[in-house]
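**Q** fold the following for me, if possible:
(one chain, ligands or ions: 3)
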Amino acid sequence: MILSLPFFFSLTHLVCHTCFKRHEKLHRCGQCKFAHYCDRTCQKDAWVNHKSECSAIKKHGKAPNENIRLAARIMWRIDREGGGLTEGCFVSIDSLQNHVEHFGEEEKKELRIDLESFLEFWPSESKQFGMQYISHILGVQINCNGFTLSDQRGLQAVGVGIFPNLCLVNHDCWPNCTVIFNNGNHEAVRSLFHTQMRIELRALGKISVGEELTVSYIDFLNVTEDRRQQLKKQYYFDCTCEHCQKGIKDDLKLAAKEGEEKPSQDVVKDIIQLSKDTLEKIDKARSEGSYHEVVKLKLYHPNNAQLGMALMRAGVTHWHAGLIEAGHGMICKAYAILLVTHGPTHPITKDLEAMRIQSEMELRMFQQNEFMYYKMREAALQNQQIQILPEPTNEISPGIFQKKQ
Ligand SMILES: [Zn+2]
Ligand SMILES: [Zn+2]
Ligand SMILES: [Zn+2]
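**A** Ligands and ions are numbered 1, 2, ... in the order given. Just a heads-up that it's a prediction; the model follows:
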């Protein structure tokens, strides 16, 4: 259950406040001039949550930062629906842990500043909450319960939300589930394909009856010691998961860090070679990026969402650089992962599916007639500069070839 979806400040003019899609021309809310939407549909969807915020921003003269806006939206919602359990909600916002008593000096200071800004922003005509309660909501946010939301393509963090149900799922550095933000399909109004924005908890593999569901709160790419420190600092617990207790994969990470013994799996080797080959074609920073993707291959859970996204980016980069075999291979691998981590209906998986089909077509052409493939590619490149982007674009393919029946 989503309690709120405000945006990081710098992006408020660039991304739709309802569906998080990037748009050239967003429509601005005529009242507060702060909220931006794709169209009327997105604006209507947002109104129930934006209404009180809209007049508060207007009155305040400007929008406060995302923490304050999130807290305010939560409290307006509590005023509308109550702070207890609503349908589909297993944990109430009131019962979330705020860990305020564990806060260090810096966090206490942060809380004080937020509290001040909140009180300045909160309108006198809205329901008044006690200081203790406001501190609880802000504390919950500063603490571990906020979740970063990404844009439609999953490439950029654009907002924050609080999802109380997720607090039921404990951490494991090698988890059996993943949390995926699905932006939903807002365009298909009143059709079967219209879906709400939601958070999904997805299994990474078979889970036996009675086995605890776990997610990872942090990136596994750090060694055990660093992970444990981070978990203690941010989430106030000592991780006792199997990977932490046994230090699993630490040796590999240290080797990769020092740049000596690189992971030696065949796949990994191939990709390193290809990355080197690509070096002259794509800019240096991006190739270095690809090298890091290689390291990730060996270290992550085979069905890790970040790994899937990294493979997708690397695949597209290779494809755009003309390395169709490698590119298509990576796109297929990424697709297999995203089917699990994001599910077949997620917009990113759908994008990737289209890219998989297109690159497969090009690969077939390449295999049938390599000479022609390069000729056509050359011709296409002369006519039009193909963009070498690290991420997939809105278009289905880089448009090198036209579909021919
Ligand atoms: Zn929208
Ligand atoms: Zn407004
Ligand atoms: Zn652990």
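**Q** by mean pLDDT, flag the weakest helix or strand of the chain.
**A** helix 284-299 (a mean of 50; mean pLDDT, DSSP states H and E).
**Q** any idea which helix or strand comes after that one?
**A** As assigned by DSSP states H and E, the chain's next helix or strand after helix 284-299 is helix 305-320.
**Q** what packs against whichever helix or strand comes after that next one?
**A** As assigned by DSSP H and E, the chain's next helix or strand after helix 305-320 is helix 324-341. In this structure, helix 324-341 makes packing contacts with strand 198-203, helix 266-278, helix 305-320, helix 347-368, judged by 3 or more C-beta pairs under 8 Å, 6 or more residues apart in numbering; DSSP states H and E. In this view, the C-beta of every residue, glycine as well, is placed from N, C-alpha and C.
**Q** return the set of buried residues in the helix or strand in which Y374 is found.
**A** If you go by DSSP H and E, Y374 is part of helix 370-383. Residues Y373, M376, R377 are the ones in helix 370-383 that count as buried (16 or more other C-beta atoms under 10 Å).
**Q** so which of those is the closest to L70?
**A** Using C-beta to C-beta, R377 comes nearest to L70 of these, at 48.0 Å.
**Q** next one: that closest one from ligand 1, what distance?
**A** R377 sits at a distance of 36 Å from ligand 1 (criterion: C-beta to the ion, to the nearest Å).
**Q** ok, Y373 next?
**A** According to C-beta to the ion, Y373 and ligand 1 sit 39 Å apart.
**Q** can I take it that T178 is in a strand?
**A** Yes - under DSSP: H, G, I helix; E, B strand; the rest coil, T178 sits within a strand.
**Q** which residues pair with it across the strands?
**A** Under DSSP bridges, the beta-bridge partners of T178 are R202.
**Q** was I right about it contacting L213?
**A** No - taking C-beta atoms under 8 Å as the definition, T178 is not a contact partner of L213, at 10.6 Å.
**Q** follow-up on the earlier one: any idea which of the helices and strands packed on helix 324-341 is most buried?
**A** Highest mean neighbour count of the helices and strands packed on helix 324-341: helix 305-320, a mean of 25 (counted as mean count of other C-beta atoms under 10 Å).
**Q** that older thread, nearest to H36, out of the helices and strands packed on helix 324-341?
**A** Among the helices and strands packed on helix 324-341, helix 347-368 sits nearest to H36 (C-beta to C-beta), with 19.5 Å.
**Q** how about the CA coordinates for stretch 358-376, as PDB?
**A** Provided in PDB are the C-alpha atoms of stretch 358-376 (Å, rounded to 0.1, in the frame of the first residue of the first chain):
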ATOM      1  CA  GLN A 358      14.400  -6.400 -32.600                       C
ATOM      2  CA  SER A 359      18.000  -7.400 -31.800                       C
ATOM      3  CA  GLU A 360      17.200 -11.000 -32.600                       C
ATOM      4  CA  MET A 361      16.000  -9.900 -36.100                       C
ATOM      5  CA  GLU A 362      19.200  -8.000 -36.600                       C
ATOM      6  CA  LEU A 363      21.200 -10.900 -35.300                       C
ATOM      7  CA  ARG A 364      19.500 -13.300 -37.800                       C
ATOM      8  CA  MET A 365      20.300 -10.900 -40.600                       C
ATOM      9  CA  PHE A 366      23.900 -10.700 -39.400                       C
ATOM     10  CA  GLN A 367      24.200 -14.500 -39.400                       C
ATOM     11  CA  GLN A 368      22.700 -14.900 -42.800                       C
ATOM     12  CA  ASN A 369      24.800 -12.200 -44.500                       C
ATOM     13  CA  GLU A 370      27.500 -10.600 -42.500                       C
ATOM     14  CA  PHE A 371      28.700  -8.500 -45.400                       C
ATOM     15  CA  MET A 372      25.200  -7.000 -46.000                       C
ATOM     16  CA  TYR A 373      24.700  -6.400 -42.400                       C
ATOM     17  CA  TYR A 374      27.800  -4.200 -42.100                       C
ATOM     18  CA  LYS A 375      26.900  -2.500 -45.400                       C
ATOM     19  CA  MET A 376      23.500  -1.600 -44.200                       C
END
